[in-house]
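Asker: Give me the fold of what follows.
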Amino acid sequence: MITELFQKALHITSPWLIKSIDFNAEEKRLDIQIDFKRGSTFADPDAGDKEVKQYKAYDTVQKSWQHLNFFEYECHLHARVPRIKRDDGKVRLIPTPWEGKVSGFTLLFEALSIQLCKAMPVYNVSGLTGVSDHKIWRMV
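Answerer: As a prediction, this is how the structure comes out:
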């Protein structure tokens, strides 16, 4: 039941699914493990306007992103992200629907950070989000 709630709140859709949720009240942290269904296929991220071919996962890479806080709890998403091996032998990492432009942050976290930067100095945004101002500047 709680898994379904988080899947809807995070807009996690097939082939992605929430594998587990770890809530640590002492550390004020929420960690959500995301995976994909066995046998899923993924489009080539470099296909552009060409015909989109689907590929099975060649292997996976473990990645993590900071997401918007869940109330006062820091929220982090972790996923086994598939890589595909194209017909030409090149291996490509599949982009996830939630990842932002800067490595380590979700798109929603980046959007909030940028909006905050419009209203206050980067130093203050850094203090509010707990993210170094160097990383905030990379987003901006």
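Asker: neighbouring contacts of the helix or strand containing residue 5?
Answerer: Here residue 5, judged by DSSP states H and E, is contained in helix 2-9. Helix 2-9 has contacts (CB atoms under 8 Å, 6 or more residues apart in numbering) with 12, 17, 18, 21, 32. For every residue, glycine as well, the C-beta is placed using N, CA and C.
Asker: quick check, nearest of the residues you listed to residue 74?
Answerer: residue 32 (11.5 Å; CB to CB).
Asker: can you pull the contacts of that closest one?
Answerer: Here residue 32 is in contact with 6, 10, 18, 20, 21, 22, 67, 75, 76, 77, 78 (criterion: CB under 8 Å, 6+ apart).
Asker: Let's see which of those residues end up in helices.
Answerer: residue 6 (DSSP state H).
Asker: measure residue 51 to residue 44 for me?
Answerer: Here the criterion is CB to CB, to the nearest Å. By it, residue 51 lies 10 Å from residue 44.
Asker: The two: who's more crowded?
Answerer: Using other CB atoms under 10 Å, the more surrounded residue of residue 51 and residue 44 is residue 44, with 18 against 6.
Asker: and that one, backbone torsions?
Answerer: For residue 44, the backbone dihedrals (degrees, to the nearest 10) come out as phi -70, psi 120.
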